[in-house]
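>>> Following is a predicted model, sequence given first.
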Amino acid sequence: MNAICPECEATLTLNDVLRGEIITCPECGAELEVISIDPIQLELAPMEQEDWGE
Amino acid sequence: MSEKVRVSIVGGSGYTGGELIRLLLGHPYVTLQQVTSESNAGKPLHAVHPNLRKATSLQFVSATALQACDVLFLALPHGEAQRRIAHFAALAPYLIDLSADFRLRDLNVYQRYYGEPHAAPEWLDKFVYGLPEINREALRSAKYASGVGCNAAAAILALLPLARAGLIDPSKPITVDLKVGSSEGGATASQASHHPERSGAVRTFAAVGHRHEAEVAQALGLANVYLSINSIEMVRGVMATAQVFSAAGVDDKQLWRAYRAAYSAEPFVRIVHDKSGVHRHPEPKWLAGTNFADVGWEAEPESGRIVALAALDNLGKGAAGSAVQSMNLMLGYPEETGLTFYGLHP
């Protein structure tokens, strides 16, 4: 099934995902939580900010 | 074409020439016929380019010994190709000049940036600017192509999606900071390149008036483009950081659409705008030896400020790689032929 990344609008092809699963968008690297299977819905998961110690 | 195409290089002892030799030796549809160097004539190519030992038995020859070929690459210092262009054109039906001699269309702009009148103005219109991302169709039917300026290519590729999408406010200056490697300075040593002077330095060498400004303005159709170049502790690589202003409210999704529209179908431009991990922005380190340009951005919706980023290898996508990509288009080969090295990590 296809879903749209809520961060970058990439079309993602998802196979056998489970509700609550965290996936990574291959285009923008956003971590996405599967909040619904039917219909498929994705939501941004909390992510660490960039940290170079500077 | 069933037989391999014969290619030769005029001026093969510099770093750009060396990269061109390396790429052409690995190209399946061409045979490298001759490489000239006046100061190294008679020496094997690996005497100057040590990475090419065992790759070829060719020796440098004088330009006076040049024979007819199918494609002639010119990798001479700026100003030399234009003075001998008719002679070179008589040797080969296809010319690709990697110098700045045939990049600009406006003679006044050329004279302003290069300090002298052009010696062959009647040839300018014959050349197509060899950046496939903006001139692909023209290159397919071109006999003559110019190379690209490495810093110009990085700036153009960073800004092109924004210019095409109308996201740049042309009334405000467009500034591009470029951090570059020492190989941009060429293969000739000087006091400035002496190791104790150069190592560890962050050297501003063209804060204003860099020659590649004219290329960027010409390619993008923008007037207010200003480059500043800083040479850093790196051998190969360019990192362009461009600052432009758009209308307030510009958001990340708009920018994703703009960059995808420009580059989704491009074989050698990759969008790097990641939300996780340590590789969130373009980085020239991973592009050494490749023909890839990585682009990205950050935006500040409140002010409309967009920071557009591009990284590439100045000798690769910024010079020899784009030249070979242009050759592939001119000869009808698959565009990626001979250019698919993905770089090294770490």
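Great, that's in hand. Residues are numbered from 1 along each chain as shown, chains lettered A, B, ... in the order given.
>>> helices or strands up against the top strand by length along chain A?
Ranked by number of residues, the top strand in chain A under DSSP state E is strand A:31-37. The elements that strand A:31-37 packs onto, with contact taken as 3 or more CB pairs under 8 Å, 6 or more residues apart in numbering or on different chains; DSSP states H and E, are strand A:22-24, strand A:40-44. For every residue, glycine as well, the C-beta is placed using N, CA and C.
>>> Low-confidence bits of the chain, can you list those?
I'll assume chain A. Scanning chain A with the threshold set as pLDDT under 70 gives A:50-54.
>>> please go with chain B instead
B:1-2.
>>> where along it do the helices fall?
B:15-25, B:80-83, B:85-91, B:107-114, B:132-140, B:150-164, B:195-198, B:212-220, B:252-263, B:321-331 (DSSP state H).
>>> How far off centre is the second one?
Think helix B:80-83. 19 Å (CA atoms, centre = their mean, to the nearest Å).
>>> Distance check, B:His195 against chain A.
Noted for B:His195: a distance of 28 Å to chain A, by CB to the nearest CB, to the nearest Å.
>>> So which bits of chain B are right by chain A?
B:Asp252, B:Lys253, B:Trp256, B:Arg257, B:Ile271, B:His273, B:Asp274, B:Lys275, B:Ser276, B:Gly277, B:Val278, B:Arg280 (CB under 8 Å from any CB of the partner chain).
>>> so what's the closest residue to chain A within the stretch 101-250 of chain B up against?
Residue nearest to chain A within the stretch 101-250 of chain B: B:Pro161 (14.0 Å; CB to the nearest CB). Going by CB atoms under 8 Å, 6 or more residues apart in numbering or on different chains, B:Pro161 touches B:Leu167, B:Leu255, B:Ala258, B:Tyr259, B:Ala261, B:Ala262, B:Tyr263, B:Val295, B:Ala308.
>>> One more: B:Ala293?
Contacts of B:Ala293 (CB under 8 Å, 6+ apart): B:Ala153, B:Ala154, B:Leu157, B:Phe268, B:Val269, B:Arg270, B:Leu287, B:Ala310, B:Ala311, B:Leu312, B:Lys317.
>>> a markdown table for the contacts of B:Pro161, including neighbour count?
Below are these laid out as a markdown table (neighbours: other CB atoms under 10 Å in any protein chain shown):
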| residue | neighbour count |
| --- | --- |
| B:Leu167 | 21 |
| B:Leu255 | 24 |
| B:Ala258 | 23 |
| B:Tyr259 | 23 |
| B:Ala261 | 12 |
| B:Ala262 | 21 |
| B:Tyr263 | 19 |
| B:Val295 | 27 |
| B:Ala308 | 29 |
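>>> Lovely, talk soon.
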